[in-house]
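[1] predicted model and sequence follow; I will ask about them next.
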Amino acid sequence: MPRSNKKIQSPARSRALAVLARMRNRGESLSEAAHLEHTTTATVHKLVGKQLRREASGRYSAAPNDTLRRDLSVLGSEGYASVTARSSKQAQLASEHLIAVGRFLRTGDDEWLKPFIGKHVGGVELLTDSNRLRELADAGLVKLDALYRTNRAGRDGT
């Protein structure tokens, strides 16, 4: 059976990218971050090893940023859009946007959205219109855990 041409990342790759993020943002060791993301250090080395640096002490650290492709779902004015982010900075921006959306929906304070006005990820402008966000949330169309598109059971997470 021919493979699909869909650009959807595997769950293993998503976990390896999450390990890099934990190492960068929380200062966790490779083994600790891999354990917390339910993967192995060998898998991380295999999938994103070029982004790891071995220090003189033998401990691994993550490169400060990278240009690895990430298949994401970002929240734009029409709802979630499937995009390809080409850097860790873009993925972090998309993640921070979803966190801000969640805080806005919990508190009603649109100050959380202001840092994202006019920002784009993968060519999609991030949604910052509070009225449109409420419309989408009221319709049940806002999923705050829908950042990474994965190949689970043939669905794309959007």
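    Sure, I can see it. Remember, it's a predicted structure, so these values are computed and weren't measured experimentally.
[2] domain-wise, how is this structure divided?
    What automatic domain parsing lists as the domains of the chain is 11-62, 70-138.
[3] reformat the ones you listed as JSON lines; add mean pLDDT, distance to L147 and mean neighbour count.
    C-beta here means a position set from N, CA and C on the backbone, and glycine is covered the same way. Shown next, in JSON lines, are the domains of the chain (pLDDT from 0 to 100; distance: least, C-beta to C-beta, whole Å; neighbours: other C-beta atoms under 10 Å):
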{"stretch": "domain 11-62", "mean pLDDT": "95", "distance to L147": "9", "mean neighbour count": "17"}
{"stretch": "domain 70-138", "mean pLDDT": "94", "distance to L147": "6", "mean neighbour count": "17"}
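[4] of all these, which lies closest to A146?
    Closest to A146 of the domains of the chain, according to C-beta to C-beta: domain 70-138, at 5.0 Å.
[5] ok, which of the domains of the chain comes nearest D145?
    domain 70-138 (8.2 Å).
[6] how distant is the closest one from the center of its chain?
    In terms of C-alpha atoms, centre = their mean, to the nearest Å, the gap separating the centre of domain 70-138 from the centre of its chain is 12 Å.
[7] now do it: distance from first to last residue.
    29 Å (C-alpha to C-alpha, to the nearest Å).
[8] so which residues make contact with the longest helix that the chain contains?
    Secondary structure of the chain read by DSSP state H shows that its longest helix is helix 88-107. Residues from elsewhere that reach helix 88-107, judged by C-beta atoms under 8 Å, 6 or more residues apart in numbering: 17, 20-21, 24, 65-68, 70, 72, 74-75, 85, 109-110, 112-113, 115-116, 119, 121-122, 126-127, 130, 133-134, 137, 142, 144, 146-147.
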